[in-house]
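Q: Here you go, sequence then predicted model.
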Amino acid sequence: MAAADSPSAALRRDLCSRGIRLAGKMRADVVDLLDAYVEQQGLDASASVAAVEGVPLAAVERWDEQTGTQRLLENLAAYRAFRALLAQMLEEQREQLGEADAGLGRALAAVLLQVSAFAYHLEELLRLESRGIPGNAEEEEEEDGPPPPPRLSLFEQKLRGLGVLRELAQWAVRSVRDLRQLAKPSPATGAASGLAESP
């Protein structure tokens, strides 16, 4: 009981709850942006797109066997990659259209801000989760997404953008699942606490 009521457990639950709300809002905005992007770029919504280089796939085998730290590290790697890719998409969008479609640019910028805020939120959770693992969170923070991809043709840029937004929507769903799992009290912690408290 003491473990569940400890300040760190309460903070963890609070951070997970806020993260779930952030990820839910982000997914809704990404789905709206995806619709606008497909229409504005003249793409087929069902177009097949190759996996985006540098972004881990949201689908993972043995998801239920992952530790909380593994979940957070994978999420953080993904959102750092998305941050770099969305910034590049925004730059390309401005080069292509200028002010011709400011609405799409604003929507992209808004999602980029949400991704950055969510990555920071994950870093906070990772710091809380990684206590006692020296340097783990700090080492992870040094990397900031994938290296810039090679220059693509206009059509390839559009397809890559479609792939980025689709995978981001999938990651938002996975993040909610990961944070819900992380918010659950750890049976090991409860058992250890119970043993410590017994005379």
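A: Nice, I can see it. Keep in mind that this is a model prediction, so the values were computed, not measured.
Q: After the host helix or strand of G24, which helix or strand is next?
A: Per DSSP states H and E: G24 is located in helix 7-41. Per DSSP H and E, helix 7-41 leads on to helix 68-97 as the next helix or strand towards the C-terminus.
Q: Can you give me the distance of the residue most central in space within the chain to A58?
A: With distances taken as CA atoms, centre = their mean, the residue of the chain nearest its centroid is Y79 (3.9 Å). Counting by CB to CB, to the nearest Å, the separation of Y79 from A58 is 11 Å. To be clear about C-beta, it is placed using only N, CA and C from the backbone, and glycine gets the same treatment.
Q: on that earlier part again, how far off centre is the helix holding G24?
A: 8 Å (CA atoms, centre = their mean, to the nearest Å).
Q: re the thing from before, what residues are shared contacts of Y79 and A58?
A: With contacts taken as CB atoms under 8 Å, 6 or more residues apart in numbering, Y79 and A58 have W171 as neighbours in common.
Q: Isn't A172 up against R21?
A: No: between A172 and R21 there is no contact under CB atoms under 8 Å: 11.6 Å.
Q: the more surrounded of the two?
A: A172 (25 against 12; other CB atoms under 10 Å).
Q: Who's the closest spatial neighbour of the more buried one, skipping the chain neighbours?
A: Residue nearest to A172 in three dimensions, not counting chain neighbours: R27, with 3.5 Å by CB to CB, 6 or more residues apart in numbering.
Q: what's the neighbour count on the one you found?
A: So R27, with other CB under 10 Å, has 19 neighbours.
Q: and it, what does it touch?
A: Neighbours of R27 in contact, by CB under 8 Å, 6+ apart: A169, A172, V173, V176.
Q: now it: how far from R21?
A: Taking CB to CB, one finds R27 at 11 Å from R21.
Q: and the helix or strand hosting L179, how far from the chain's centre?
A: Using DSSP H and E, L179 sits within helix 154-183. Relative to its parent chain, helix 154-183 has a centroid offset of 7 Å by CA atoms, centre = their mean.
Q: Now do the buried residues in it.
A: For helix 154-183, burial by neighbour count (16 or more other CB atoms under 10 Å) applies to 157-172, 174-176, 178-179, 182-183.
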